[in-house]
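Peer 1: Have a look at this fold, sequence not included:
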């Protein structure tokens, strides 16, 4: 078993549980829509759930790309636990445990969004710092540029800045329509960035 296999076992366990939390929330919503009690789901909570699932998947990819840079030290395991544990906690807050108690999911979003978005922002900043430290301690050989070249790399960098700017803005903007628009933009940016990664 390599050092990465040991670390990735912890990654896989907690990230898998976090994904299950979000998917279970979507499943509860689907069941509730067919139930007897009227519940307004809205767009905010599902869009936030979709973004968290994309962000989790993106982090999983980042971890895999850094596999040759990781060791199996206690510090690495604690860092992994902090990041993946944070994802699990964030994922558990997206949907209410008992959706029937919340006839309007937008009210739930209003109560939880700052904790979820603040957690995501913290996790992503921590991941960037951790990746930078790994690159400094265990530099990888320079990979050849992909077909998108420098323009693709520039677009990727700008999309990352836009992602962070939108996450910060969502912490302060209370208007629900603006929140929907920014969550749609976040989902599209993360999806576009994931596709672009294969070409830079």
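Peer 2: On my side now, so go ahead. Fair warning: this is a prediction, and the values are worked out from it, not measured in the lab.

Peer 1: tell me the centre residue of the chain?
Peer 2: residue 55 (2.4 Å; CA atoms, centre = their mean).

Peer 1: my guess is it meets residue 124, correct?
Peer 2: Yes: with contacts counted by CB atoms under 8 Å, residue 55 reaches residue 124, the gap being 7.3 Å. From N, CA and C alone the C-beta is placed, and that goes for glycine too.

Peer 1: Find the residue ranges of this structure scoring beneath the pLDDT cut-off.
Peer 2: 1-4, 33-36, 143-146, 148-149, 200 (pLDDT under 70).

Peer 1: now the helices for it?
Peer 2: With helices called from DSSP state H, the chain shows them at 3-33, 44-65, 74-92, 105-137, 149-172, 176-196.

Peer 1: So which of those helices is the most surrounded?
Peer 2: Mean neighbours per residue, mean count of other CB atoms under 10 Å, is largest over the helices of the chain for helix 44-65, with a mean of 19.

Peer 1: how big is the angle separating it from helix 3-33?
Peer 2: Relative orientation of helix 44-65 versus helix 3-33 (axes from the mean of the first three to the mean of the last three CA atoms, to 10 degrees): 170 degrees.

Peer 1: Now do helix 44-65: which elements does it pack against?
Peer 2: Packed against helix 44-65 by the contact rule (3 or more CB pairs under 8 Å, 6 or more residues apart in numbering; DSSP states H and E) you find helix 3-33, helix 74-92, helix 105-137, helix 176-196.

Peer 1: Provide a list of residues in contact with residue 162.
Peer 2: 185, 189 (CB atoms under 8 Å, 6 or more residues apart in numbering).
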